[in-house]
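> how would this look folded up:
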Amino acid sequence: MKINEIFYSLQGEGAWTGLPNIFIRTTGCNLRCSFCDTKYAYFNGEEMTVIEIIEKICKYPCKYVCITGGEPLLQKDIVDLIDKLLKKGYKISIETNGSLSIKKISAIKSLMISLDIKCPSSAMHENNYIENINLLKKDDQLKFIIKNKNDYIYAKKILEKYKPACTVFLQPVWGKNPRNLAKWIINDGLNVKLGLQIHKNIWGEKRKV
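Just a heads-up that it's a prediction; the model follows:
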């Protein structure tokens, strides 16, 4: 599979926020979100076998692995990588952009799926594979990136209709003051969590953090 980068840092988003993680970033994405912060992962990378990837991450003193992208589900060996990492005792999360079916990974025990649903400001919301929400387990997570009130209303309608079983995060686009989003959540009494990208607050917009 094609790998853009592998690095060791703190998880900055979602349920594992603050935990040291090994990040495996795959190359290639089928979407082009307006606010994408990993455009460098669209094309650049090197071909690595599953064994080579595992050999590389073994040097880090950590058992939490986040597989991200790009879009990891585009990689044909992704299930094999997940299976082998789980057998070696790693705790795995996978971040996917929500445009592809998660059926092939939804039944994998001990895997946490972090699923995005794209909002209108991304200009990619028409690509949402919305049926994925029904495949999410209690220990998975669902994420909406919110730029404005229109995005918030869009996310709220989806939550009201599909009632996901997992924890939901509403995360402001980086650089946007989260105060309005916090107020909307509180005023509407939504059963969601406000997500903030703590890795960017710590190190700024840098790679491999």
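
> so is the nearest residue to residue 46 once chain neighbours are set aside in a helix, a strand, or just coil?
Closest residue to residue 46 apart from its sequence neighbours, by Cβ to Cβ, 6 or more residues apart in numbering: residue 3 at 6.1 Å. C-beta coordinates here come from the backbone N, C-alpha and C atoms, glycine included. State at residue 3, reduced to three classes by DSSP: H, G, I helix; E, B strand; the rest coil: strand.

> next: residue 137.
The three-state label given to residue 137 by three-state DSSP is coil.

> that one contacts residue 115, doesn't it?
No: at 10.8 Å, residue 137 does not count as touching residue 115 under the criterion of Cβ atoms under 8 Å.

> more neighbours: these two, which one.
Under the criterion of other Cβ atoms under 10 Å, the comparison of residue 137 against residue 115 puts residue 115 first, with 23 against 15.

> grab the most central residue of the protein for me.
The centre of the chain sits closest to residue 95, judged by Cα atoms, centre = their mean, with a distance of 3.0 Å.

> elements contacting the helix or strand of the chain at the bottom of the mean pLDDT ranking?
Least confident helix or strand of the chain, by mean pLDDT, DSSP states H and E, is helix 198-203 with a mean of 84. With contacts taken as 3 or more Cβ pairs under 8 Å, 6 or more residues apart in numbering; DSSP states H and E, helix 198-203 sits against strand 2-10.

> give me the buried positions along the next helix or strand after the strand it packs on.
Remark: after strand 2-10, the chain's next helix or strand is strand 20-26, criterion DSSP states H and E. For strand 20-26, a neighbour-count test (16 or more other Cβ atoms under 10 Å) marks 21-26 as buried.

> the residue with the largest distance to the centre of the chain in helix, strand or coil?
Within the chain, residue 187 marks the point farthest from the mean C-alpha position, 26.7 Å out by Cα atoms, centre = their mean. Following three-state DSSP, the label given to residue 187 is helix.

> on that earlier part again, could you provide the buried residues of strand 20-26 in TSV, with additional columns for pLDDT and distance to residue 129?
As requested, the buried residues of strand 20-26 are arranged in TSV below (pLDDT from 0 to 100; distance: Cβ to Cβ, whole Å):
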residue	pLDDT	distance to residue 129
21	98	26
22	98	27
23	98	24
24	98	23
25	98	22
26	98	18
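
> one step back: who touches the residue nearest to the centre of the chain in this structure?
Contacts here follow Cβ atoms under 8 Å, 6 or more residues apart in numbering; on that basis residue 95 touches 66-69, 72, 114, 116.

> and it, what pLDDT?
Residue 95 is assigned a predicted lDDT (pLDDT) of 98.

> select the longest helix from the protein.
Counting residues, the longest helix found in the chain (DSSP state H) is helix 149-162.

> send the alpha carbons of the following helix or strand past that one over as CSV?
The first helix or strand that comes after helix 149-162 along the chain, using DSSP H and E, is strand 167-172. The C-alpha trace of strand 167-172 is given here as CSV (Å, rounded to 0.1, in the frame of the first residue of the first chain):
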residue,chain,number,x,y,z
THR,A,167,-20.3,9.3,20.3
VAL,A,168,-20.7,12.3,18.0
PHE,A,169,-18.2,15.2,17.7
LEU,A,170,-18.9,18.6,16.2
GLN,A,171,-15.5,20.2,15.4
PRO,A,172,-15.0,23.7,14.1
